[in-house]
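1. mind folding the following:
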Amino acid sequence: MGAVSFEALAFGKTADDAFRNAVEDAKHMHGHGGYTGTIVEKSSFEVIPKREHHGKQKRRYAHQLIEDGDERIQRKRGPAGAINCSGTNAAIRYRKQHELEGKHGDVRLFFGWVAH
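-> Modelled structure (predicted):
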């Protein structure tokens, strides 16, 4: 069994809410069968502090952490990474596509490696 990288945007009032929403969305799209290659395989996440990604493109930074084998997110059975994307163009598009404008919460990018 190998590993693949994944990324998922999700909205929530808290990081925990956004993580649960990302997992539920992936279950709906990819099923519950295991080894989906999605965030469904993750049970936890680690927030990447804003000071690390401030002023950087969020997806590009996430990809860099994956490529660099950052110890926080390098294990396929370990936690996902989480970056708050609120205020970015991707977050604005996500809110619009999901009719979330004006709702309290943040769009977060979850990413890392999963078993596949």
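2. now do the strands in the protein.
-> Per DSSP state E, the chain carries strands over the ranges 3-12, 45-47, 80-84, 106-115.
3. and Q97, how many neighbours does it have?
-> 9 (other Cβ atoms under 10 Å). To be clear about C-beta, it is placed using only N, CA and C from the backbone, and glycine gets the same treatment.
4. sorry, slip of the keys, the one I care about is P79.
-> 17.
5. against I48, how distant is it?
-> For P79, the distance to I48 equals 11 Å [Cβ to Cβ, to the nearest Å].
6. name the residues contacting each of those two.
-> R72 (Cβ atoms under 8 Å, 6 or more residues apart in numbering).
7. not counting its neighbours along the chain, what's nearest K50?
-> Leaving aside its chain neighbours, K50 sits nearest to N84 (6.6 Å; criterion: Cβ to Cβ, 6 or more residues apart in numbering).
8. hang on, the one you found packs against F110?
-> No. With contact defined as Cβ atoms under 8 Å, N84 does not reach F110; the gap is 11.0 Å.
9. who has more neighbours out of the two?
-> F110 (27 against 19).
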